[in-house]
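A.B. asks: only geometry, no sequence info:
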């Protein structure tokens, strides 16, 4: 009888040992992928100064909104890569004046979030290869620096781990990317608008800088808050003569709530499948085999004594 029980325990133990790596590498990995049908609407708000090009005047301390839509291109995506199209519209929240707009398209790895060179990547209709982290971070994000693609200067730049915070009860890793003033374009404006003497127009460089802060839920690698403190100015002869846009915009409360809700399933199940259950399965498997060995050894001693 002991021998039969021992054999059963050994079989169960081996099954548990075999299931441990399977849960970590197959079951968990099958869930650790960005959905192919992803869709999101994001709203950033804050106070900002900007130049109203229609009225040719500087507007200060305006309530500004940035509305972003991100939609997965299912037809262009694959099991390993998801392609996202993004459109962002920045406007004056009180007057509805459109300050600027940008568009973007790129493919990224469904697990790591890193850019994949495929599927006609572009920024504002210009073909641009994008690498590094694009929109999100890897599943089980680490407390370290990453490389993150910056669409305005069109460069992959470091984004530094800056600490851990709790947002509405959810742990988040804070990452900060700083872009120093960089010339991104030219702008022609009337000399009187630029505060310069004389008649006619003047052409200056458009300089862009930003401090971008992401709060990343580490299990899913998804942002649950984003703050961008950016500045675009026209510079003539090393002097700032006109502010195109300057201010800090962050996710509004509804966007934060939605982002946190979207990470709930990952936060609940992935740690269990990736860590807790595999370890428990290993412990149970070793324990069952250990009990079986004890039963076999004590059984043989009993037979000898008889």
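C.D. replies: All right, it came through fine. From a predicted model like this one, the values you see are computed outputs, not experimental measurements.
A.B. asks: partner strands of the lengthiest strand in the chain, parallel or antiparallel?
C.D. replies: The longest strand of the chain (DSSP state E) is strand 170-190. Here strand 170-190 has these sheet partners by DSSP bridges: strand 155-167 (antiparallel), strand 201-217 (antiparallel).
A.B. asks: quick one, which of those strands is packed in tightest?
C.D. replies: Highest mean neighbour count among the strands paired with strand 170-190 (mean count of other CB atoms under 10 Å): strand 201-217, with a mean of 19. Just so you know, the C-beta spots here come from the backbone N, C-alpha and C atoms, and that holds for glycine as well.
A.B. asks: how far out from the middle of the chain is the helix or strand just after that strand?
C.D. replies: Next along the chain after strand 201-217, taking DSSP states H and E as the criterion, comes strand 222-236. Distance of strand 222-236 from the chain centroid (CA atoms, centre = their mean, to the nearest Å) equals 16 Å.
A.B. asks: Can you check what angle separates strand 222-236 from strand 201-217?
C.D. replies: Taking axes from the mean of the first three to the mean of the last three CA atoms, to 10 degrees, one finds strand 222-236 and strand 201-217 inclined to each other by 160 degrees.
A.B. asks: and strand 222-236, what other elements does it pack with?
C.D. replies: Here strand 222-236 touches strand 39-52, strand 170-190, strand 201-217, strand 239-251, helix 253-262, going by 3 or more CB pairs under 8 Å, 6 or more residues apart in numbering; DSSP states H and E.
A.B. asks: Among these, which comes closest to residue 155?
C.D. replies: Residue 155 lies closest, by CB to CB, to one member of the helices and strands packed on strand 222-236: strand 170-190, at 8.4 Å.
A.B. asks: Next, the angle strand 239-251 makes with the closest one.
C.D. replies: Using the same axes, to 10 degrees: strand 170-190 against strand 239-251 is 150 degrees.
A.B. asks: how about strand 170-190: buried residues?
C.D. replies: Residues 170, 172, 173, 174, 175, 176, 177, 179, 182, 187, 189 are the ones in strand 170-190 that count as buried (16 or more other CB atoms under 10 Å).
A.B. asks: picking up where we left off before, would you reformat the strands paired with strand 170-190 as a markdown table and include distance to residue 255 and mean pLDDT?
C.D. replies: Compiled in a markdown table, the strands paired with strand 170-190 are given as follows (distance: least, CB to CB, whole Å; pLDDT from 0 to 100):
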| stretch | distance to residue 255 | mean pLDDT |
| --- | --- | --- |
| strand 155-167 | 12 | 97 |
| strand 201-217 | 12 | 96 |
